[in-house]
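1. Task: produce atomic coordinates for the following.
(one chain, ligands or ions: 1)
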Amino acid sequence: MSRQPPVTSRRDFLRYLSFAGGSLAVGDMGALFKFKDSATPEMVGDILKQRIKGRLVKDHLLVEEFKTDFGRTIHKEPRLIVVPENDEDIRIIFQVAEKYQVPVSLRGAGHTCYGQSLSDGGILLVNNRENPDIAMEGDQVSVHSSTQWFALERKLNEQGLTSPVLTDYLNLTLGGTLSVGGYGLRSFQYGAQVDNISELELLLPDGSRMRCSPQENSDLFRYSLCGLGQLGFISKVKIKPIQYRQFTSVFYVLCTSVKDFIKGVKAILHPDFIREIDHFSSYWLNGSFIIEIGKSFSEENKTEQEALKKKVQSQIAFYKNAVIKDYHLYLHKVRENWVERYGISHHIWEDYIFGIEELEEFLNRAITTTKISHFQNILPALYIVACDTAETGGIPFSPTYGSTSKMVYSVGFYYMVKYGDKKQLQTAEDHHKQYMRNCLDLKGRPYLYGWHGLSEEQKKQFYGADYLKLKALKKQYDPQNILNPGVFVENV
Ligand SMILES: Cc1cc2nc3c(=O)[nH]c(=O)nc-3n(C[C@H](O)[C@H](O)[C@H](O)COP(=O)(O)OP(=O)(O)OC[C@H]3O[C@@H](n4cnc5c(N)ncnc54)[C@H](O)[C@@H]3O)c2cc1C
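-> Below you'll find the model as predicted:
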């Protein structure tokens, strides 16, 4: 579910379950336990209990929850679940894990869809704290990766600031989105969240701490961002916030075909018009596309808003215009409510990234070959955002990396399948396999938080030399393959 089952409170978790109709997804049994013998987990648990300030999770409801992620298609069973209190705890966990050769898997808010935040028989380290760790340092904000974007946004808004890029749904941790990318309504101006990180601290599996930036330990910087926790634990990061404007004038544009939609996008993101707006997103719903564009204002200034309206009108026809206060927080609520409507479901979500011409071809194939309109019972929406590649910062596993197009588009296919409906689940997975083949064929890229099902061969095809480089870095910094084994890099 999109609502977070907090890691600390059984009461809240019970409330979450009762909201979800009381049914609980029970994990597949028979996880591959990787401890050397059956006595080791208990011994490691005892050592950690004595040495760390944080705690081990024993509550069986939470334990069940941590056996799966948002996707609810993959189930794995951790032997120990640890909620660290601070980075010193994490250093100790890494040291103990190395000593006893126990794998450690990292989890933020667990909103992956392909088991990327699960542990198969090792230690699951849950880095999702309710108390935000945020400090202003000059014009930058220093934040711990355990902080959720919602908490950071609230804090920044109090000071008239906002993060340059926010995901639509905000109960995601900084560590989690920075390990995959992080795209939103302002990505067409600011790139991804990873492109707005000036510095980060990385805790390596040997317990050492590295300061990384484009200038310092740059390989670790470039490969840990969007790196699915393959090299180290991202601790604190620095971001430069921008000015917050509380009121957003939003325009809604309806397009009834792919052709119409692409034409509309080209008109809106045309170099002569693009500076007039500061928000862009779009949806495919019930067979039509809706483009949402907007501009934010510090105050409700009718004259400025009317002037904007005229400019938009002269560029594109819209069917509705509304002024929305705290648009990102509003959007978060909308997205949360939308996901919650589906209760406990399998979420077979994945996004694919292309230039505009390839996007058109990709959408045409989805509509004509896969006939997505026939599957609206399990595919209620597609979601499309744009990203300016001139703003992107050389992060090899970022979905926008290597594109020759100035503007790229991420299109998410969000299948929602009733829990346990194996036939529909198979349909959704088959569709994604086809999309992935089309993605490869059209030289796009997948977004690695999602249900990607990539084979080793496909990883090499998508990422080429960068995949080999990531493997080499993993061998160097995590020679025993302790951290997030099996999540992405294979055959280290
Ligand atoms: C409802 C919903 C809405 C979404 N909206 C958007 C959107 O608008 N834009 C967008 O770009 N994405 C979106 N996503 C995708 C989202 O960005 C990713 O799923 C993201 O990984 C979620 O963060 P998390 O805290 O849940 O991370 P998790 O799922 O817990 O972890 C993600 C990966 O990062 C690793 N990891 C976690 N923390 C750390 C750390 N501190 N150091 C190193 N590795 C770490 C984990 O091991 C895992 O491999 C959405 C997903 C959902 C389910």
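2. Pick out the residue of the stretch 101-250 of the chain closest to the ligand.
-> Of all residues in the stretch 101-250 of the chain, Gly176 sits closest to the ligand, at 2.0 Å by C-beta to the nearest ligand atom. Placement of C-beta: from N, CA and C, glycine included.
3. tell me the SS of that residue?
-> helix (DSSP: H, G, I helix; E, B strand; the rest coil).
4. pretty sure it is touching Ser117, no?
-> Yes. Counting by C-beta atoms under 8 Å, a contact exists between Gly176 and Ser117, whose distance comes to 7.2 Å.
5. list the residues that contact both of these two?
-> Arg107, Gly108, Gly110, His111 (C-beta atoms under 8 Å, 6 or more residues apart in numbering).
6. Neighbour count for Gly176 and Ser117, which is higher?
-> Higher neighbour count among Gly176 and Ser117: Ser117, with 32 against 29, using other C-beta atoms under 10 Å.
7. Correct me if wrong: that one contacts Val126.
-> No. Using C-beta under 8 Å, Ser117 makes no contact with Val126, being 9.2 Å away.
8. and for those two, which residues touch both?
-> Common neighbours of Ser117 and Val126 (C-beta under 8 Å, 6+ apart) are Arg107.
9. pretty sure Val431 is touching Phe413, no?
-> To be clear, residue 431 is His; Val isn't right here. Yes. Contact criterion C-beta under 8 Å: His431 and Phe413 qualify, at 7.1 Å.
10. who touches both of these two?
-> Ile372, Leu379.
11. quick one: which of the two has more around it?
-> Higher neighbour count among His431 and Phe413: Phe413, with 24 against 21, using other C-beta under 10 Å.
12. Around the ligand, pick out the residues from the stretch 251-400 of the chain.
-> Arg335, Val339 (C-beta under 6 Å from any ligand atom).
13. The stretch 251-400 of the chain: helices as residue ranges?
-> 258-268, 302-315, 327-340, 356-368 (DSSP state H, counting those that start in this stretch).
14. tell me the average confidence for the second one?
-> The one in question is helix 302-315. Averaging pLDDT along helix 302-315 yields 95.
15. Let's verify the residue nearest to Glu456 when sequence neighbours are not counted: helix, strand, or coil?
-> Nearest non-adjacent residue to Glu456, counting by C-beta to C-beta, 6 or more residues apart in numbering: Glu490, 5.3 Å away. Secondary structure for Glu490, judged by three-state DSSP, is coil.
16. And stretch 304-312, what's buried?
-> Neighbour-count burial for stretch 304-312 flags Gln305, Leu308, Val312 (criterion: 16 or more other C-beta atoms under 10 Å).
17. same thing with stretch 133-145?
-> Under 16+ other C-beta under 10 Å, the buried positions of stretch 133-145 are Asp133, Ile134, Val141, Ser142, Val143, His144, Ser145.
18. just these now: which is nearest Gln101?
-> Ser145 (25.3 Å; C-beta to C-beta).
19. And the pLDDT for that closest one?
-> According to the prediction, Ser145 has pLDDT 98.
20. do Ala390 as well
-> 89.
21. The one 5 residues further on now?
-> At Ile395 the predicted local distance difference test score is 97.
22. Can you name the residue of the stretch 301-450 of the chain nearest to the ligand?
-> Tyr449 (3.6 Å).
23. Save the buried residues of stretch 304-312 as a markdown table, and put in distance to Pro78 too.
-> What follows is those, written out as a markdown table (distance: C-beta to C-beta, whole Å):
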| residue | distance to Pro78 |
| --- | --- |
| Gln305 | 52 |
| Leu308 | 51 |
| Val312 | 51 |
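24. Longest strand of this structure, counting residues only.
-> strand 407-418 (DSSP state E).
25. Show me how far the very next helix or strand once past it is from its chain's centre.
-> Next helix or strand after strand 407-418 toward the C-terminus (DSSP states H and E): helix 422-441. Remark: helix 422-441 is offset 20 Å from the chain centroid, using C-alpha atoms, centre = their mean, to the nearest Å.
26. Mind checking what helix or strand follows helix 422-441 in sequence?
-> Following helix 422-441 toward the C-terminus (DSSP H and E): strand 445-446.
27. Return the per-residue confidence for the residue nearest to His328 when sequence neighbours are not counted.
-> Closest residue to His328 apart from its sequence neighbours, by C-beta to C-beta, 6+ apart: Leu166 at 5.0 Å. As summarised for this prediction, Leu166 has a pLDDT of 98.
28. Repeat that for Phe318.
-> Looking at Phe318, its pLDDT reads 98.
29. who's in contact with the nearest residue to it once chain neighbours are set aside?
-> With sequence-adjacent residues excluded and distances taken as C-beta to C-beta, 6+ apart, Phe318 is closest to Phe251, at 4.2 Å. With contact taken as C-beta under 8 Å, 6+ apart, Phe251 is in contact with Glu292, Ile293, Gly294, Lys309, Val312, Ile316, Phe318, Lys320, Asn321.
30. Closest to Tyr244 out of the residues you listed?
-> Gly294 (14.4 Å).
31. residues near that closest one, how many?
-> 24.
32. And His374, by the same measure?
-> 8.
33. Alpha carbons of the helix or strand Leu62 falls within, as PDB, please.
-> Element membership for Leu62 (DSSP H and E) is helix 60-65. Extracted in PDB, the C-alpha atoms of helix 60-65 (Å, rounded to 0.1, in the frame of the first residue of the first chain):
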ATOM      1  CA  HIS A  60       4.800 -10.700  13.700                       C
ATOM      2  CA  LEU A  61       2.500  -8.300  11.800                       C
ATOM      3  CA  LEU A  62       5.500  -6.000  10.900                       C
ATOM      4  CA  VAL A  63       7.600  -9.000  10.100                       C
ATOM      5  CA  GLU A  64       5.000 -10.100   7.600                       C
ATOM      6  CA  GLU A  65       4.900  -6.700   6.100                       C
END
